[in-house]
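K.L.:
Sharing a sequence plus its predicted fold:
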Amino acid sequence: MDRKNFLTMVGMSAASFALINCIGCSKSSDSGSSSGVSGPTGVDFTLDLTASANAALLTNGGSLKSNGVIVARTTTGAYIAVQQSCTHESYPLVFQGSNQQFYCNNHGATFSQTGAVTGGPTNKSLTTYTTVLTGTSLRVHS
């Protein structure tokens with residue numbers, strides 16, 4: 001085998017390994033799209049804050065997931081709602097009340113409480129939803 005053939009084989013092997021690693025990292029076939037993942041549309045639901053299932057929202061910094069949305073209570077007591085999935089590759093987000101941010105455990109993307117990107121591999125902000133508190137009912141809608 002001559003030098004040119006050897007270098008060609010090494011280069012092809014390296015490219016193959018890189019391709020396999022990139023494909024292995026993807027959650028789905030369209031997850032690598034540059035447009036990012038959007039949140040659900042047509043959102044409109046109400047949470048009864050007296051129900052035990054929604055008790056996390058009675059504490060500042062608490063959150064819960066419902067209908068593809070994370071509903072959270074900020075450290076100042078305001079209610080906020082954003083899409084549940086990261087805009088990078090649609091992995092689930094968590095609300096970190098003490099850090100006042102949404103965080104993706106998969107690739108480390110971070111988002112402010114307003115849904116703006118603050119770090120990580122994505123450049124697309126989260127879809128946000130309107131919250132309206134009436135008595136003990138919290139309505140979340142698009």
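P.N.:
Received, thanks.
K.L.:
Just the buried residues of stretch 121-134, please?
P.N.:
122, 124-129, 131 (16 or more other C-beta atoms under 10 Å). Every C-beta, even on glycine, is put in place using the N, C-alpha and C of the backbone.
K.L.:
Okay, and which of those residues map to strands?
P.N.:
Residues of the buried residues of stretch 121-134 located in strands (DSSP state E): 128-129, 131.
K.L.:
would you list every one of the strands in this structure?
P.N.:
For the chain, the strands defined by DSSP E cover 44-48, 63-66, 69-73, 79-83, 93-96, 101-104, 110-112, 117-119, 128-134, 137-141.
K.L.:
Mind telling me which residue is nearest the centre of this protein?
P.N.:
Nearest to the mean C-alpha position of the chain, by C-alpha atoms, centre = their mean, lies residue 86 at 2.2 Å.
K.L.:
what about that one, distance to residue 141?
P.N.:
Residue 86 sits 22 Å away from residue 141, taking C-beta to C-beta, to the nearest Å as the criterion.
K.L.:
ditto for residue 118
P.N.:
Distance, residue 118 to residue 141, using C-beta to C-beta: 25 Å.
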